[in-house]
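A.B. asks: Build me a model from this:
(one chain, ligands or ions: 1)
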Amino acid sequence: MSFSDSAILREEIARRRTFAIISHPDAGKTTLTEKLLLFGGAVKLAGTVKARKAANYAASDWMAMEKERGISVSTSVMSFTYAGYEINLLDTPGHQDFSEDTYRVLTAVDSVLLVVDSAKGVEAQTKKLMDVCRMRNTPIVTFINKLDRQGLPPLEVMADIENHLGMECVPLTWPVGMGSRFKGAYDLRRGELSLFSTARGDKIQQALVVIRDLEDTRLDTYLGDQAEELRSDMELLQAAGTPFKKERYLAGEQTPVFFGSALNNFGVRELLDSFTELAPAPLPRPARTESGEIRLVAPEENEFSGVIFKIQANMDKAHRDRMAFMRICSGRFTRGMRLKHNRSGKESAIATATMFLAQERAGVENAWPGDIIGLPSRGSIKIGDAFTEKGFLKFIGIPSFAPEHFRRVRLRNPLKTKQLQKGLEQLAEEGAVQLFRPLANNDYILGAVGLLQFEVIISRLAEEYGVDAAYENVGISAARWVESANKAIFAEFRDYYHQDLALDAEGALAYLAPNPWKLESAEERYPDIEFRVTREIG
Ligand code: G4P
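C.D. replies: Below is the predicted model:
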């Protein structure tokens, strides 16, 4: 690679932002995504995100069930350009029944945008995702939405976020009132007041007033008696608030907070401007090399590398193929380039990679670190697989997450045992569901992070493998992968808990706890054994 090629590579990396947008259902993620796309010039796309939710699919016609229910089972990727930045936005399913994919998408991004409903604070499903962010010290920007409605006092919402995130909240904008008294937001760094007004009929007006000094009397003109409220809020924030430090945000210790109303397109541009400025460009990723040592693979490295974080089945019904989603970790991808599939050692020319431009898909000519591209797969690619130009890498930090729901699979036609096994193994490899085989019997136990996955599996077993299967409830409440350096203790543990142990699809041993108390007592009884909620893939 020449000097100018590596200069281009560095430039392309610097202008990329790859992030996931997460929220509890109904907090406004779809609305905000739409508005972000709108700013990105994808005007004609505004509405498609919503349309998709309403089961009115335009370009994507994935699984029949998605269509029926009008929800997005799969995680989608949208790329757009804004102010010279190339933005890769990874959506996370907002429905209650989200899957392990939702967690794993957080391993493919460099930062996260969290959307919170100002009336509700942080809700259950978001907490789980936040745990994954915390595990990885992912930088998070927070958008508190729906200020046009009466919500909780801003300080209360921030305290709630702090409690759940374990991160300090630092407001970069501050709302003036809310609900019917919502007047706008003050940008603390720029000293600008954005005015929100519904004065003319239903039309929402947004005007920007530069007010560097809060004693400026224009503040009283614009805000009336609410000017004093803003002044005293600012005083309070200055006295008690923590100053924003970019390094602390990047280390996952602070989250900058923005207030607005996605529906009214209020505060969205401020959010996007600050986000592109603050959020990290593609970051290095740890990988094991051929000799077993762990090193950081920097995006600026000349040689291409990428890692698979998601497999999506049936994206194109005409072809029974799967799409493997790859995050580019280093170097430049060009169409037709020869890459080595590290697990199998096979090399091939990649002629048909796909890029995800909002709802459309387009062939890829060039792609850069931070970009997400789709590779067609006939089933040979697994989650966690690396592709390299040269050499061998095994990216780490792409885990399986302990399932929270369990079912025993019952075959309705006993002659199809082989197909059932093959189907379950392949579906487990895609990573949306986990397959456990108990040591004590021949059962097939499925574990999932969200309940919807069980329905998906049954319908796919029927459609793709011709297997008629059903579920039975099973008395399992949690799964933990178990490991110990102490061989004697581990052998004793295996004997004692034989009935509750199972192997997952990759042959790793897991303890399937019948109830939370049993799990607790097992952990107390065997302090030398590690009970893990995640397991490295591969
Ligand atoms: P989600 O993807 O996080 O599930 O949320 P979504 O954007 O679908 O928004 C959920 C509901 O909240 C929608 O109303 C949406 O219009 C509304 N909403 C989003 N942002 C704001 C906001 O800033 N202010 C107010 N007041 N509402 C907001 P809905 O009635 O469920 O759908 P629709 O009939 O409006 O389409």
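A.B. asks: Every contact and neighbour count from this point should use C-alpha atoms.
C.D. replies: OK.
A.B. asks: Tell me which residue in the stretch 101-250 of the chain sits closest to the ligand.
C.D. replies: Here the stretch 101-250 of the chain gets closest to the ligand at one residue, residue 146, 3.5 Å apart by Cα to the nearest ligand atom.
A.B. asks: got the contact list for that residue?
C.D. replies: Residues near residue 146 by Cα atoms under 8 Å, 6 or more residues apart in numbering: 28, 117-119, 260-263.
A.B. asks: Which members of the residues you listed are positioned in strands?
C.D. replies: residue 117 (DSSP state E).
A.B. asks: from the contacts of residue 146, which is closest to residue 86?
C.D. replies: Among the contacts of residue 146, residue 262 lies closest to residue 86 (Cα to Cα), at 21.5 Å.
A.B. asks: Would you agree the closest one is in contact with residue 31?
C.D. replies: Yes. Using Cα atoms under 8 Å, residue 262 is in contact with residue 31, at 6.0 Å.
A.B. asks: any low-confidence regions in the stretch 251-400 of the chain?
C.D. replies: Within the stretch 251-400 of the chain, the segments meeting pLDDT under 70 span 314-321, 356-362.
A.B. asks: Show me what residue of it gets nearest to the ligand.
C.D. replies: Counting by Cα to the nearest ligand atom, the stretch 251-400 of the chain gets nearest the ligand through residue 261, at 3.2 Å.
A.B. asks: Please report how far that residue lies from residue 146.
C.D. replies: To residue 146, residue 261 is 5 Å away according to Cα to Cα, to the nearest Å.
A.B. asks: Quick check: pLDDT value at the residue of the chain positioned farthest from its centre.
C.D. replies: Most distant from the centre of the chain: residue 217, at 45.0 Å, with distances by Cα atoms, centre = their mean. Listed pLDDT for residue 217 reads 88.
A.B. asks: again, but for residue 95
C.D. replies: At residue 95, pLDDT is 61.
A.B. asks: Would you state the helices of the stretch 401-538 of the chain in chain order?
C.D. replies: For the stretch 401-538 of the chain, the helices defined by DSSP state H, counting those that start in this stretch occupy 417-430, 452-465, 487-496, 516-525.
A.B. asks: Please identify which of the ones you listed is closest to residue 393.
C.D. replies: Using Cα to Cα, the helices of the stretch 401-538 of the chain put helix 417-430 closest to residue 393, at 19.8 Å.
A.B. asks: now the angle from that closest one to helix 452-465?
C.D. replies: Calculated by axes from the mean of the first three to the mean of the last three Cα atoms, to 10 degrees, helix 417-430 forms an angle of 130 degrees with helix 452-465.
A.B. asks: so how far is residue 25 from residue 124?
C.D. replies: Taking Cα to Cα, one finds residue 124 at 10 Å from residue 25.
A.B. asks: Residue 503 now?
C.D. replies: In terms of Cα to Cα, residue 503 sits 34 Å off from residue 25.
A.B. asks: Would you confirm that residue 387 contacts residue 345?
C.D. replies: No. Using Cα under 8 Å as the test, residue 387 is too far from residue 345 to be in contact (9.5 Å).
A.B. asks: Quick check on the two: which one has the bigger neighbour count.
C.D. replies: Just comparing residue 387 and residue 345: by other Cα atoms under 10 Å the higher neighbour count belongs to residue 387, 27 against 11.
A.B. asks: Can I take it that residue 35 is in a helix?
C.D. replies: Yes. Applying DSSP: H, G, I helix; E, B strand; the rest coil, one finds residue 35 inside a helix.
A.B. asks: show me what contacts residue 309?
C.D. replies: 104-105, 107-108, 324-327, 383-384, 398.
A.B. asks: what residues are up against residue 27?
C.D. replies: Applying Cα under 8 Å, 6+ apart, the residues near residue 27 are 115-117, 145.
A.B. asks: Residue 407 now?
C.D. replies: For residue 407, the contacting residues are 445-447, 454, 471-474, by Cα under 8 Å, 6+ apart.
A.B. asks: How about residue 483?
C.D. replies: Residue 483 makes contact with 490, 509, 529-531, according to Cα under 8 Å, 6+ apart.
A.B. asks: Next: residue 160.
C.D. replies: 121-122.
A.B. asks: Rounded mean pLDDT for the stretch of helix or strand it belongs to, please.
C.D. replies: Per DSSP states H and E, residue 160 falls inside helix 154-165. Per-region confidence: helix 154-165 scores 92 on mean pLDDT.
A.B. asks: Name the next helix or strand downstream of that helix, please.
C.D. replies: strand 168-171.
A.B. asks: who does that next one touch, helix- and strand-wise?
C.D. replies: helix 154-165, strand 254-259 (3 or more Cα pairs under 8 Å, 6 or more residues apart in numbering; DSSP states H and E).
A.B. asks: SS state for residue 12?
C.D. replies: helix.
A.B. asks: From residue 109, how far out is it?
C.D. replies: 16 Å.
A.B. asks: My guess is residue 132 contacts residue 106. True?
C.D. replies: Yes. Counting by Cα under 8 Å, residue 132 touches residue 106, with 7.4 Å between them.
A.B. asks: Tell me the residues of the stretch 251-400 of the chain that contact the ligand?
C.D. replies: Contact residues (Cα under 6 Å from any ligand atom) of the stretch 251-400 of the chain with the ligand: 261-264.
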